[in-house]
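Undergrad: compute the structure for the input listed below.
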Amino acid sequence: MSDPRTAGNVEVEIHDAIAFVRFAHPKSNSLPAALLRTLADEINTLATNSSVKAIVLRSAGDGAFCAGASFDEMKSVTDAASGKEFFSGFAKVILAMTRAPQFVLTRVQGKVTGGGVGLVAASDYSVAVKGASIKLSELAVGIGPFVIGPVVERRLGSGPFTDLAIDADWRDAQWAERHGLYSHVYEDVEAMDTALAKVMDFLASANPEAIRQMKKVFWADTEHWEDLLDHRAKISGALALSVHTRAAIEKFSKR
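TA: From the prediction side, this is the model:
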């Protein structure tokens, strides 16, 4: 059996000024540290490619879009330093997405949990199917949505973010669309992909300088996020060592 911490992959293709970044993991597209590092590195590389006007982020298969952090890897955290390093993985991807000069479009074909919600929130535009429910499950395992909190709160607003963080239950795709996490929700994958293709065609011929300037406007006042997310990762890393969290993670990982 392969090690869940090293399983999964990231694939990148570029067609007509649009880059497609696809991540995959056998456990509901969860994201262990190695996969998060690769994802951040690939997006940072694309950020330097002046021929790319937009990045489409998607995950493999027709099931969950992303199950968030890898419980298997979280169980292996043994000290505050390794805990901080693990949670910093999501920070690096969020920073790569928000700082890339291209628009990041995210395609959500299924349910989104925990850190995956942070990836959608860090997008500039997102499309989803009606079955793409969301949930912040962090409090249920003894931690909290600290690292992804700033980007999720910025996208949803303070009230909806607080509700989502405290009441760790599913919200349907319509709720996510109504509060701004999803740009549009579609009946099925075919309708979603048809709509996404139209947006990509439009962006492929758009003025790249206009895109760069708009991107700066979208994420203005986030220059301090590197320090903020580093601090939040430290909080999560310390909480991951608590007896309460250890017991909760063990329970969840057996499901």
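Undergrad: going by C-alpha atoms from here, please, whenever you check contacts or count neighbours.
TA: Fine.
Undergrad: any idea of the mean pLDDT for the strand or helix carrying A247?
TA: With elements taken from DSSP states H and E, the one containing A247 is helix 243-253. pLDDT averaged over helix 243-253 equals 74, rounded to a whole number.
Undergrad: who does that helix touch, helix- and strand-wise?
TA: Using 3 or more C-alpha pairs under 8 Å, 6 or more residues apart in numbering; DSSP states H and E as the contact criterion, the neighbours of helix 243-253 among helices and strands are helix 71-74.
Undergrad: same for the helix it packs on, what does it pack against?
TA: helix 243-253.
Undergrad: any buried residues in the helix it packs on, and which?
TA: 245-246, 248-249 (16 or more other C-alpha atoms under 10 Å).
Undergrad: with stretch 6-18 instead?
TA: Judged by neighbour count using 16+ other C-alpha under 10 Å, the buried positions of stretch 6-18 are 8-10, 12, 17-18.
Undergrad: chain center to that stretch: distance?
TA: 15 Å (C-alpha atoms, centre = their mean, to the nearest Å).
Undergrad: C-alpha coordinates for it, CSV please?
TA: Once non-C-alpha atoms are left out, stretch 6-18 reads as follows in CSV (Å, rounded to 0.1, in the frame of the first residue of the first chain):
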residue,chain,number,x,y,z
THR,A,6,3.6,10.8,-0.7
ALA,A,7,0.6,9.7,-2.8
GLY,A,8,-1.1,11.9,-5.3
ASN,A,9,0.2,14.2,-8.1
VAL,A,10,-0.1,17.6,-9.7
GLU,A,11,-0.4,17.9,-13.5
VAL,A,12,0.0,21.2,-15.5
GLU,A,13,-0.9,21.8,-19.1
ILE,A,14,-1.0,25.1,-21.1
HIS,A,15,-3.4,25.8,-24.0
ASP,A,16,-4.1,29.1,-25.7
ALA,A,17,-2.9,31.3,-22.8
ILE,A,18,-4.8,29.2,-20.2
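Undergrad: can you pull the pLDDT of T6?
TA: The pLDDT attached to T6 in the predicted structure is 73.
Undergrad: check the secondary structure at it for me.
TA: Assigned with DSSP: H, G, I helix; E, B strand; the rest coil, T6 falls in the coil class.
Undergrad: spatially, what comes nearest to it if we skip its sequence neighbours?
TA: In space, T6 comes closest to A34 once its chain neighbours are excluded; the distance is 6.4 Å by C-alpha to C-alpha, 6 or more residues apart in numbering.
Undergrad: how about S123?
TA: Using C-alpha to C-alpha, 6+ apart and skipping the chain neighbours, the partner closest in space to S123 is V104 (5.2 Å).
Undergrad: lovely, talk soon.
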